[in-house]
Structure formats: structure tokens, C-alpha cells
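Trainee: Predicted model and sequence follow; I will ask about them next.
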Number of protein chains: 2
Amino acid sequence: MIKRSFKSLPRGVPRKVTATVATKDRILQAAEELFARRGFDGASLRELTSAAGVNLAAVNYHFGCKEKLIEQVLRRRLDLLNTRRMAALDHVEGQHDTTLEQVLDAYIRPALEISYDVGGECFMRMLARAFAERDERLREFLSQNYGHVMRRFAAEFARLLPHLGKVELYWRMDLVTGALTLAMSGFGMIQRAEEVSEQAHHEQTTRHLIRFAAAGLGQP
Amino acid sequence: MIKRSFKSLPRGVPRKVTATVATKDRILQAAEELFARRGFDGASLRELTSAAGVNLAAVNYHFGCKEKLIEQVLRRRLDLLNTRRMAALDHVEGQHDTTLEQVLDAYIRPALEISYDVGGECFMRMLARAFAERDERLREFLSQNYGHVMRRFAAEFARLLPHLGKVELYWRMDLVTGALTLAMSGFGMIQRAEEVSEQAHHEQTTRHLIRFAAAGLGQP
DNA sequence: GTCTATAAAGTGATAGAC
DNA sequence: GTCTATCACTTTATAGAC
């Protein structure tokens, strides 16, 4: 929306190559919220562009088609989530005597952090939807952008829980992921008491989730 | 489809009041599968009636509108699930020294039983979707047809886990429900080994889920 | 890059014949 | 109860002016 392409700038002033940066971001932001609220099919490009305050044709210009937009919206935070999880796992594996709770911390904490970002809860709700969707293309996209991280965590869990068979382990991880995703999509998130600071509440929630997951994952 | 309205039957032969019973059921069945696969918005009445082998107008004739159809599809198995859960809880509460695992059994076993019925997995996938949907009307419908059962279980859990605050308890129940729903929607269900009978495998899965839930719910 | 206008196909719903 | 035909809209996507 905000014009930044100055066709005739005075010499010496750096010229932006990508003319408008705002439009694309505004679409992504509006899309995240609307997809979370109405679903991928339920949210039309019309309400989306209208909410973003941009022209209808802008979506096709910037993203090609609706499906590519969905991918970009997912990828934006999924990349961040993956990067943070990997970094956290790197850090945990660097120590000796790694515990189950430490690995779960590396898995859960980045997810919660993102869900606390502005718009992050919308993203988590979108992700919950994406899990429930059985659309083949979407699942393939998720597995391509998500699978390698899950496999690294699975390997680490397998090392810490050698008594579990591979099938059993994957199944328990699915249970944990299901609990985590639906919980974070805010459909019944634990409420913060007035006297507790936001920071402290996040830490408390994270600890709760980790212990819930550890209890379920690590039984005989 | 199959005509059963005989306008001029010989006296004494009982006359069916509801003329065709098949069409309605075929729509419900096709709807369950298509809603699970494509979502409530994604599945159109056209593919739905086409898959059911009935006329497009039949949906509006039998159900009024698409939304009412969705409600009927949900209600059909939800009623069954609620009835069975209530009966199981009645039975458990009839005994003294009720354990957490027994109550969880009453909560989890009926859900798994239904998911093993023909078309039951579709239903669970549909339910997972419905949880992720934020549609106000749908949520209200679910709470009206689901809430009283959840409250009874919550009361029982509260009695067995008095050290938990109300907020904490509801939050843990959400985690359990999230895990259960996503797991049963078949997105990563544990596979049955060849040599195990189907019956035994179901029992095994039920026991696993109950213990997972019990471990998560009942910690300090 | 952004706009308008429009194409092309799909949507839920209904009137009215049978 | 079931059918065809159709209404009134909405959808995604694109062509072409600016």
C-alpha cells in the first residue's frame, strides 16, 4: 500500500528494488488470522484482501494462487519453529546425561513461545486445522517442512526410551503432539491469575506441559 | 431410493409412514466420509449427493439446509458416544473405591469402540475438524450436545484428584481430549501386528491410551 | 505494483413437474 | 419423494488499463 518506488530519486539516494513491502506482509497477516478463524476453504480471497486493505488481485500477483499463499503463511512461522527447535535440541545434545524432560523442553518451549507472539495463537489454530485436514498436498507440504525435525526428535526419544518399540514411540509422540497442538490452539488454555506476571505464567505453563508429556511418554 | 410407499395396499398389511428410509441414510453416510475428507466447507452438496447416488435436491428436502445436515451427521454418533459414556460412568460410579483408570476407561473405551465401527474413523476425523473450527454456531452446538457429559466426567475427576484446581483440571482434560481425538482420527494410529487378533489389538490400544491419559492427568 | 472489469466455474437453495 | 431446471450468488483467477 505505502508507495516506496520513487521512479526519479535524486542521485545517491539508495533505491528500493522491491517496491512495496507492506502489501505482501499485510496479506500474510490477514491470511493467518482468517485461515485460523474460517479455515482454508472458508476464508475467501475477497474477505482476506478486504481485511488486509489491499486489492483482490494483489494475492495472485504476489503469491500466484491461493494454495501458494497458504504455503507461505504456514512456512513463515513453521521455519521459525523448526529453527528454534533444532537449536534447542543442539544445545541439549551438547550436554552429557541428557534427560527426557530436557528434550521435551526443546520440543515444547519453542512452540509455546511462538504461540505467545502476536498472531501466534492464530498460527497454532491454523496448524491444528492443517493436522485435521486430510488434503494430500497439504500433508505432503507439512511432511516436507516438518518431517526432518520430527525424525531428529524421534531418534533422541528412542535413545532415551530404549524399552519402547518404534511403532509405540511414534504413536506416543502423536499423542503428545495432538495434546500440544489442540491445547495451544487456545481452545481451553489455562488462564493466568491476576497476580502472576505474564512471564511467570508462560514459564509455569511450559513446565506443566513438559511434565504432562514426560509422564505420558516415559512410562513402562 | 427404494420405494416403500404403497398407496393402495391390501387391508391388513402394515403401511410404512416414512416412505423412503434409504435415501436419508445414504446421504448421512456419504456426508460423514466427505466432511471428514474435505471439511465442511470443502465438501459440496453436489459431490456429496453424487457420491450417495441421490438427487441434489434430496439434501434440502430431507434436512432443510447444509448446516442442518452437518448437525445430523454429528449428532448421529455423538448421541451414541454420549449414551455409552454415561452408561459406563454409571457403572463405574456404582462401585466403591472407584479408580482414576476406571473413570478414564469409561471416557476412552466408548470413543475407541465407535472409531472402530464402520465409518467410525471418518466420524472421529470429522470431530477433530470440528474442534479446530472456530465457527461460533458449531461450537455452541457441540457444547450443547457434549457439555453435560464432559461436566459429569470433570466432576468425577475432581473428586479423584482433589489436589488439582478447577482450571488446572479442565486444562489437563483438554490435553487428554486433544491427544485422544487426534490419535483416533487415525493420523498416526498404532499399527496392528499380523499375529495379533483385531479384538486383542483394540483392547491393547485402549489400555495404552488409558495409561497414557492416567499418567498425564494424575501427577502432582 | 495496483487497479477495474470480467471470465469461467462453482455454490446452496428452490419452484414446479412428475 | 424424486426429479430437472434454474436462480442468485460467490468463488478463484486473469487480462489489460494506468
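Mentor: Okay, I see it.
Trainee: what number of residues lie near A:Gly53?
Mentor: 12 (other Cβ atoms under 10 Å in any protein chain shown). No exception for glycine: its C-beta is placed from N, CA and C like everyone else's.
Trainee: what are the phi and psi angles of it?
Mentor: phi 70, psi 30 (degrees, to the nearest 10).
Trainee: and A:Ala128, what does it touch?
Mentor: The contact partners of A:Ala128, by Cβ atoms under 8 Å, 6 or more residues apart in numbering or on different chains, come to A:Thr181, A:Leu182, A:Met184, A:Ser185, B:Phe131, B:Ala132.
Trainee: out of those residues, who has the most neighbours?
Mentor: Result: A:Leu182 is most packed of the contacts of A:Ala128 (other Cβ under 10 Å), 27 neighbours.
Trainee: Without its sequence neighbours, what residue ends up closest to that residue?
Mentor: B:Gly178 (3.1 Å; Cβ to Cβ, 6 or more residues apart in numbering or on different chains).
Trainee: One more: A:His202?
Mentor: A:His202's closest residue in space is A:Tyr116 (Cβ to Cβ, 6+ apart), at 6.0 Å.
Trainee: Which one of the residues in chain A is closest to DNA strand C?
Mentor: Closest residue of chain A to DNA strand C, Cβ to the nearest atom of the strand: A:Asn55 (2.7 Å).
Trainee: burial measure for the residue nearest to that residue when sequence neighbours are not counted, as a count.
Mentor: Of all residues not flanking A:Asn55 in the chain, A:Thr49 sits nearest, at 6.3 Å (Cβ to Cβ, 6+ apart). The tally of other residues near A:Thr49 (other Cβ under 10 Å) stands at 20.
Trainee: List the contacts of A:Thr49.
Mentor: A:Ile27, A:Ala30, A:Asn55, A:Leu56, A:Ala58, A:Val59.
Trainee: which parts of the helix or strand it falls within are buried?
Mentor: Element membership of A:Thr49, judged by DSSP states H and E, is helix A:45-52. Applying a neighbour-count criterion of 16 or more other Cβ atoms under 10 Å in any protein chain shown, the buried positions in helix A:45-52 are A:Leu45, A:Leu48, A:Thr49, A:Ala51, A:Ala52.
Trainee: Any idea how far the helix or strand of chain A with the lowest mean pLDDT is from the middle of the chain?
Mentor: Scoring the helices and strands of chain A by mean pLDDT, DSSP states H and E places helix A:120-132 at the bottom, with a mean of 83. From the chain centre to the centre of helix A:120-132 is a distance of 8 Å (Cα atoms, centre = their mean, to the nearest Å).
Trainee: Likewise for stretch A:27-47?
Mentor: Counting by Cα atoms, centre = their mean, stretch A:27-47 comes out at 16 Å from the chain centroid.
Trainee: ok, how many other residues are close to A:Gly120?
Mentor: With other Cβ under 10 Å as criterion, A:Gly120 counts 20.
Trainee: ditto for A:Ala43
Mentor: Neighbour number of A:Ala43 under other Cβ under 10 Å is 21.
Trainee: Can you verify my assumption that it contacts A:Ala31?
Mentor: Yes - counting by Cβ atoms under 8 Å, A:Ala43 does reach A:Ala31; the two are 7.5 Å apart.
Trainee: Setting aside sequence neighbours, what's the nearest residue to A:Val73?
Mentor: Ranked by Cβ to Cβ, 6+ apart and with sequence neighbours excluded, the top spatial neighbour of A:Val73 is A:Ala31, at 4.9 Å.
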